[in-house]
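In: A structural model of the following input is requested.
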Amino acid sequence: MAVKNSTYIRRNWQLYLLLVLPVIYFLVFKYGPMYGVQIAFKEFNFFQGIGGSEWVGLDIFREVFHNNDFFKALRNTLLLNLLDLIVSFPAPLILAIMLYELRIVWFKKFAQTILYIPHFISWVIIGGIVLQVFGTESGFINNMLTGMGLDAIPFLSNKHYWLITYLLVGVWQSAGWGTILYLAALTGINKELFEAAEVDGAGRFKKILYISLPGIKTTIATLLIINLGNMISIGFDRPFIIGNVAVRDYSEVLSTFVYRVGIGSGQISLATAVGLFQALVGLIFLLGANYASKKLADESIL
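Out: Below is the predicted model of the structure:
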């Protein structure tokens, strides 16, 4: 067995060589920082360093779980991610099916390009665009409304309007990238299935329902697992840039909370404890979603 493995490695050494840089990246930037996780169990002191700081056990976690701002940030994280899952997850799937069904090639390519562009725009730039479009006093939409004699809508200063704006901006920014994945999966479906269904008199809707969707169910399940695994974690850029003090009841999430207490207040141990909590709960979500998807797959096979 060892001889076969060594022969295989010698024959495919180029593939193993390609793995060197990714492995180094993960060792340095993913596993290396795990050394600092012990800060969550210490009263961290900058002058004494990680090794010299005093062990306090679970005292930091007790402090976290007695912090009302932490539970508000946790609630907002779960709420925003759940709403994102409901609103943003189906959007790229619907767009991919619509694009796949288009027959005008030039329009299809044009639409794909327009949809992909927002994903590559920095959230700092998107924040400026949001302010120019939805701002209460200087926003394009409110200028148009007040010009027609209507009241301005506080898109960014009222927490309920802000929540709708947050979700719609998220769909606009992320839908194009998800569409790429679904289009790639749709392209892999056997074209003879569509031809056979057309011969049998199936319309476009039935072909989507009975061929397209079942053909990409594995991709849908995989992306759903990834989204469920990220339920407890949330990006820093989007809520921080779009959010403001007026809507902190909704915009304060775990990532901004960690930034505020860790960088802003210098409570490094507290911020590390929250980060470790996020990682552990995210792992539980991921394993649970993976287990549920396997059970559903086994039942569908039976």
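
In: I'd assumed residue 153 was in a strand, is it?
Out: No - looking at residue 153 with DSSP: H, G, I helix; E, B strand; the rest coil, it is coil, so not inside a strand.

In: Looks like it contacts residue 161 (just checking).
Out: Yes - counting by Cβ atoms under 8 Å, residue 153 touches residue 161, with 6.2 Å between them. Bear in mind the C-beta positions are built from the backbone N, C-alpha and C, glycine included.

In: Show me the shaky parts of the stretch 151-300 of the chain.
Out: 293, 296-300 (pLDDT under 70).

In: which residues of it fall in helices?
Out: For the stretch 151-300 of the chain, applying DSSP state H, counting those that start in this stretch gives helices covering 159-187, 191-199, 204-207, 213-215, 217-229, 237-242, 248-251, 254-259, 268-301.

In: Specify the stretch among those that is closest to residue 58.
Out: Residue 58 lies closest, by Cβ to Cβ, to one member of the helices of the stretch 151-300 of the chain: helix 268-301, at 9.1 Å.

In: elements contacting the closest one?
Out: helix 59-65, helix 217-229, helix 254-259 (3 or more Cβ pairs under 8 Å, 6 or more residues apart in numbering; DSSP states H and E).

In: roughly how far is stretch 226-241 from the heart of the chain?
Out: Relative to its chain's centre, stretch 226-241 lies at 5 Å (Cα atoms, centre = their mean, to the nearest Å).

In: measure it end to end?
Out: One end of stretch 226-241 sits 24 Å from the other (Cα to Cα, to the nearest Å).

In: wait, residue 259 sits on residue 240?
Out: Yes - Residue 259 is within contact range of residue 240, at 7.2 Å (criterion: Cβ under 8 Å).

In: sorry, back to before: can you list the helices of the stretch 151-300 of the chain in CSV and add mean neighbour count and distance to residue 124?
Out: Listed next are the helices of the stretch 151-300 of the chain as CSV, based on neighbours: other Cβ atoms under 10 Å; distance: least, Cβ to Cβ, whole Å:
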stretch, mean neighbour count, distance to residue 124
helix 159-187, 18, 12
helix 191-199, 12, 43
helix 204-207, 12, 41
helix 213-215, 14, 37
helix 217-229, 16, 24
helix 237-242, 19, 6
helix 248-251, 17, 16
helix 254-259, 20, 15
helix 268-301, 16, 23
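
In: Go through those and name the closest to residue 46.
Out: Closest among the helices of the stretch 151-300 of the chain, using Cβ to Cβ: helix 268-301, at 8.1 Å.

In: what's the closest of the helices and strands packed on helix 268-301 to residue 93?
Out: Per Cβ to Cβ, nearest to residue 93 of these: helix 217-229, 6.8 Å.

In: which strands and helices sit next to that closest one?
Out: Against helix 217-229 (3+ Cβ pairs under 8 Å, 6+ apart) you get helix 68-88, helix 159-187, helix 268-301.

In: now it, how far from the centre of its chain.
Out: 12 Å.

In: So that it lines up with my notes, have the first residue be 52 from now on.
Out: Will do, 52 is the new start, and the previous item becomes helix 268-280.

In: contact partners of that helix?
Out: Identification of contacts with helix 268-280 by Cβ atoms under 8 Å, 6 or more residues apart in numbering yields 132, 136, 140, 144, 229, 232-233, 236, 264, 333-334, 336-337, 339-341, 344, 347-348.

In: would you turn the helices and strands packed on helix 268-280 into a markdown table with distance to residue 282?
Out: As requested, the helices and strands packed on helix 268-280 are exported to a markdown table (distance: least, Cβ to Cβ, whole Å):
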| stretch | distance to residue 282 |
| --- | --- |
| helix 119-139 | 5 |
| helix 210-238 | 15 |
| helix 319-352 | 5 |
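
In: Around residue 241, count how many other residues there are.
Out: Residue 241: 10 surrounding residues under other Cβ atoms under 10 Å.

In: From residue 274, how far off is it?
Out: Between residue 241 and residue 274 the computed distance is 22 Å (Cβ to Cβ, to the nearest Å).

In: The helices and strands packed on helix 268-280: which one's closest to residue 298?
Out: When the helices and strands packed on helix 268-280 are compared by Cβ to Cβ, helix 210-238 sits nearest residue 298, at 4.3 Å.
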